[in-house]
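Undergrad: below is the sequence, then the predicted model.
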2 protein chains.
Amino acid sequence: MAGQKIAVMGYGVVGSGVVEAFYNSLDSIKKKINPDVDIKYILDIVEHKGTGFDEKFISDFEIIVNDPEVTVVAEVIGGIKPAYDFTRRLLEAGKSVVTSNKELVATKGAELLQIAKENKVLYLFEASVGGGIPIIRPLRMCLIGNNIKQVAGIVNGTTNFILTKMFEDKMSFEDALSLAQKLGYAERNPSADIDGHDACRKICILASLVSGEHIYPESVYTEGITKITSDDVAAAAKIGYTIKLIAYCKCLENEKLQVLVAPMMVAPTSRLSNIKDVFNGVVVVGDAVGEVAFYGRGAGKLPTASAVVSDIIECIRFTPTDEPVFWQHGGKDKVIDRKDGEFSFCLRVKNTETAKANLTSLFGEGELTTEDSEQILFITKSLKEAEFENALNELKQRSEDVLSFFRVLK
Amino acid sequence: MAGQKIAVMGYGVVGSGVVEAFYNSLDSIKKKINPDVDIKYILDIVEHKGTGFDEKFISDFEIIVNDPEVTVVAEVIGGIKPAYDFTRRLLEAGKSVVTSNKELVATKGAELLQIAKENKVLYLFEASVGGGIPIIRPLRMCLIGNNIKQVAGIVNGTTNFILTKMFEDKMSFEDALSLAQKLGYAERNPSADIDGHDACRKICILASLVSGEHIYPESVYTEGITKITSDDVAAAAKIGYTIKLIAYCKCLENEKLQVLVAPMMVAPTSRLSNIKDVFNGVVVVGDAVGEVAFYGRGAGKLPTASAVVSDIIECIRFTPTDEPVFWQHGGKDKVIDRKDGEFSFCLRVKNTETAKANLTSLFGEGELTTEDSEQILFITKSLKEAEFENALNELKQRSEDVLSFFRVLK
């Protein structure tokens, strides 16, 4: 085992964090895993001078893939190109690859896992969901004595920061987004975060782990947070709820999955209601363990890097046995149509006598909050989305009382 | 890998849960780890008829230790005798052992881990802390890219249930204990829980994992919850705090540890303040990842069993490499004397002018809450325990104003 060398591909925020976290914890790594491990190469097209690692920088990928001393490679380039080709070639060359690249895992996971298996190496991605929070490994190892019933999480720190500012500082969506951009939490083009695509990739990874079949982003209904208004926030706050962007996966009895990403009204009893700012949280429900929750920093240089380092260590420690891959190619019919899924919905409507009467006649039993003189909140029983939409359309035809609605997470 | 057989030793609450959880998730286990695994033996001195597993029951340990087909054994007998001898003999016979037996791990962990290593098998104990909550594996695998700074947890469900009842239903300690006993959460002899011994064993296991040296229960200051009064509860609630039995381990800069178990006043900002009933939670602080938190059912048949099953699967999946053991025998001087440790303290004293003057003169700066006409809460700055005690003794000599005090967890 002596002499295992590591390469880090990409020296951006996460990559430089991986190098930093690795050397920060090298003493304890050496104490706990013994071998003479070290980072041999750092691949970047840009030259980085004065990092203290000048002699490790290379710009030619071929050096890494052809060096037999390199057994583990951290891919922290991100995106599909060239990360996908690099990863495939490395795995085929018998090198384990670890990554924080959720886009690649969510798009090509099944294929890369299969190539890893064929070459008796590992493809690990603890950092792809929840940053530094241990969630992938607990799901694939610790909770295997369970049939997982549900996974629901706040997995995007940027949107959670924006929503926290809207709730706590009464900021508008636009102002909160500007602040997030100013603080470096949101990109100049914030679409991947605020439109829910990032959260979608992450729930695809979790859903794939849970089901053993690859769940592709295309099959997951995804809604962002751009339509949430200050009025929605004020109304939710009044009944002790929050609004969070929830990545949701429910395992149904017919072995199918209900998977979606949408802003939801979160009840104060939920372990997700109190997760603020850029923090992430994931709640997993298993048939044996009940509810378990994981919480921490879902992004950021060193938190994410620490998860990458833990995967590097696992590659060094464990020889993969001939077990099946975490998940395989899956049919698209694994995920049910959104309209067949069930939820409780919270409707915000104008406070009129007609509205009240309509709500009960169209949606049946529900919880009605009428303390506000201008508006009513009505939480329906659990309904199929199709049923809800039919009733909602009817309500809209009868009056212009409907202001907004959200799915409810209890 | 085909034909690996498992034995379960002990068919009490956890043991029967292990068998149940194993067969409940066998489909997904087979899908995910392939081999023809099965439970071959269940060891119990009592005969259990009509369980559906009649042919698996045996009462002779020698059958297990001498059967080469058995590669993994779940020890869920509990206690030191005969579990210690059995475990040693099994490991020496080249069989991996997994357990929920925190007493044995906290007392003999270093020795058993060493024997396991010498025989190239595993000794795993995910279920020993936090029941079904993944915490051991995250600490030893996921967070290895960190230098761990602190671990603080609510790791005893019984005491957390009692304290929750005292806070939410204004029950006295005695009534809450009776209720816990009636509901089966507390033993008829509740000392191991209410005096903190159970929590002490668990923090010893976590502290050993973090430091790589065995931390023995004898070196850990342990205080239970028996002295907490309804007045303490009411005063804490008034300022938004709760009182929780906290198992605490702080890694100091001199590589020593501050480890203790005590009821603490927990600030509302702490991730531990909102953990109720029999639930457990552990907050880990790492230098890279920051704060991560784990939450779930810390006890109970199936939650605990699901953790045992996950360890069984790890034993089947992974061949141990020649890495060092999780921790080794440690010197007793690894843990600092309680009096050298630092904490903020919260003093509850009678609301008199003298008391106020004394508090400031003896403890220096602090937060003073005087809204109550009868009593004052004073939260000191961080003080060495020895310093605090000196000032406290002086205060007690000057007046009879002191009602109670607690360490503070922010």
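TA: Perfect, thanks for sending it.

Undergrad: quick check: which element contains A:D232?
TA: helix A:230-238 (DSSP states H and E).

Undergrad: check which residues of that helix are buried.
TA: A:D232, A:V233, A:A235, A:A236 (16 or more other C-beta atoms under 10 Å in any protein chain shown). (Glycine included, C-beta is placed from N, CA and C.)

Undergrad: what about stretch A:66-80, near chain B?
TA: No: on the criterion C-beta under 8 Å from any C-beta of the partner chain, stretch A:66-80 is out of touch with chain B, staying 11.0 Å away.

Undergrad: one step back: ok, the buried residues of helix A:230-238 vs chain B, which is closest?
TA: Among the buried residues of helix A:230-238, A:A236 lies closest to chain B (C-beta to the nearest C-beta), at 19.2 Å.

Undergrad: against A:S230, how distant is the closest one?
TA: 11 Å (C-beta to C-beta, to the nearest Å).

Undergrad: same thing with A:E387?
TA: Taken as C-beta to C-beta, the span from A:E387 to A:S230 is 30 Å.

Undergrad: where along chain A do the helices fall?
TA: For chain A, the helices defined by DSSP state H cover A:13-24, A:26-33, A:61-65, A:83-92, A:102-118, A:136-137, A:157-168, A:173-182, A:191-194, A:197-211, A:230-238, A:301-317, A:353-363, A:385-398.

Undergrad: what's the neighbour count on the closest residue to A:G153 other than its chain neighbours?
TA: The shortest distance from A:G153 to any non-neighbouring residue, by C-beta to C-beta, 6 or more residues apart in numbering or on different chains, is to A:V282 (3.6 Å). A:V282: 28 surrounding residues under other C-beta atoms under 10 Å in any protein chain shown.

Undergrad: A:L209 is in contact with A:V282, correct?
TA: No: counting by C-beta atoms under 8 Å, A:V282 stays clear of A:L209, with 11.6 Å between them.

Undergrad: re the thing from before, determine the set of other helices and strands touching the helix holding A:D232.
TA: helix A:157-168, strand A:242-251, strand A:342-350, strand A:375-380, strand A:402-409 (3 or more C-beta pairs under 8 Å, 6 or more residues apart in numbering or on different chains; DSSP states H and E).

Undergrad: and the longest one, how far from the chain's centre?
TA: Taking the mean C-alpha point of helix A:157-168 and that of its whole chain, the gap between them comes to 16 Å (C-alpha atoms, centre = their mean, to the nearest Å).

Undergrad: what of stretch A:83-91?
TA: 23 Å.

Undergrad: with stretch A:254-270 instead?
TA: With C-alpha atoms, centre = their mean, you get 13 Å for stretch A:254-270.

Undergrad: would you mind splitting chain A into its domains for me?
TA: Listed by automatic domain parsing, the domain ranges of chain A are A:5-132+A:303-317, A:136-297, A:340-409.

Undergrad: tell me the mean pLDDT over the second one?
TA: Confidence over domain A:136-297 (mean pLDDT, whole number) is 95.

Undergrad: any chance of JSON lines for the helices and strands packed on helix A:230-238, columns mean neighbour count and distance to chain B?
TA: Listed next are the helices and strands packed on helix A:230-238 as JSON lines, based on neighbours: other C-beta atoms under 10 Å in any protein chain shown; distance: least, C-beta to the nearest C-beta, whole Å:
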{"stretch": "helix A:157-168", "mean neighbour count": "24", "distance to chain B": "12"}
{"stretch": "strand A:242-251", "mean neighbour count": "25", "distance to chain B": "10"}
{"stretch": "strand A:342-350", "mean neighbour count": "21", "distance to chain B": "23"}
{"stretch": "strand A:375-380", "mean neighbour count": "22", "distance to chain B": "23"}
{"stretch": "strand A:402-409", "mean neighbour count": "20", "distance to chain B": "16"}
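
Undergrad: give the burial count for the residue lying closest to A:S273 once chain neighbours are set aside, as a bare number.
TA: Nearest non-adjacent residue to A:S273, counting by C-beta to C-beta, 6+ apart: A:V266, 4.6 Å away. Residues contacting A:V266 under the criterion other C-beta under 10 Å number 25.

Undergrad: is A:V266 bridged to anything, and to what?
TA: Taking DSSP bridges as the rule, A:V266 bridges to A:T242, A:L409.

Undergrad: give me the nearest residue to whatever residue of the stretch 251-400 of chain A ends up closest to chain B, chain neighbours excluded.
TA: Of all residues in the stretch 251-400 of chain A, A:V309 sits closest to chain B, at 2.8 Å by C-beta to the nearest C-beta. Spatial nearest neighbour of A:V309, excluding adjacent residues (C-beta to C-beta, 6+ apart): B:G145 at 2.8 Å.

Undergrad: now swap in A:E385 and tell me
TA: A:E385 sits nearest to A:K339 (C-beta to C-beta, 6+ apart), 4.8 Å away.

Undergrad: picking up where we left off before, test my guess that the residue of the stretch 251-400 of chain A closest to chain B contacts A:E20.
TA: No: look at A:V309 against A:E20 with C-beta under 8 Å: they stay out of range, at 9.7 Å.

Undergrad: who's more crowded, those two?
TA: Using other C-beta under 10 Å, the more surrounded residue of A:V309 and A:E20 is A:V309, with 34 against 17.

Undergrad: now do the same for that one: its pLDDT.
TA: 94.

Undergrad: contacting residues around the closest residue to A:L179 other than its chain neighbours?
TA: Leaving aside its chain neighbours, A:L179 sits nearest to A:K165 (6.2 Å; criterion: C-beta to C-beta, 6+ apart). Counting by C-beta atoms under 8 Å, 6 or more residues apart in numbering or on different chains, A:K165 touches A:M171, A:D175, A:A176, A:L179, A:A180.

Undergrad: also A:F388?
TA: A:F388 neighbours (C-beta under 8 Å, 6+ apart): A:F343, A:F345, A:F363, A:T380.

Undergrad: what is the burial count for the nearest residue to A:N274 once chain neighbours are set aside?
TA: Closest residue in space to A:N274, ignoring its immediate chain neighbours: B:N274 at 6.6 Å, by C-beta to C-beta, 6+ apart. B:N274 has 15 neighbouring residues, counting by other C-beta under 10 Å.

Undergrad: same thing with the one 10 residues further on?
TA: In terms of burial, B:V284 registers 27 neighbours under the definition other C-beta under 10 Å.

Undergrad: same question for A:H48.
TA: 15.

Undergrad: that one contacts A:G12, doesn't it?
TA: No: counting by C-beta under 8 Å, A:H48 sits too far from A:G12 to count as a contact (10.4 Å).

Undergrad: quick check: residues of the stretch 251-400 of chain A near chain B?
TA: Near chain B, when you scan the stretch 251-400 of chain A using C-beta under 8 Å from any C-beta, you find A:271, A:274, A:286-297, A:300, A:302-303, A:305-310, A:312-314, A:317-319, A:321-324, A:326.

Undergrad: related to what we said a few turns ago, hmm, the residue nearest to A:N274 is touching A:S273, no?
TA: No: look at B:N274 against A:S273 with C-beta under 8 Å: they stay out of range, at 9.9 Å.

Undergrad: what touches both of those two?
TA: Joint contacts of B:N274 and A:S273 (C-beta under 8 Å, 6+ apart) do not exist.

Undergrad: nearest to B:D195, of the helices of chain A?
TA: Closest to B:D195 of these, according to C-beta to C-beta: helix A:26-33, at 33.3 Å.
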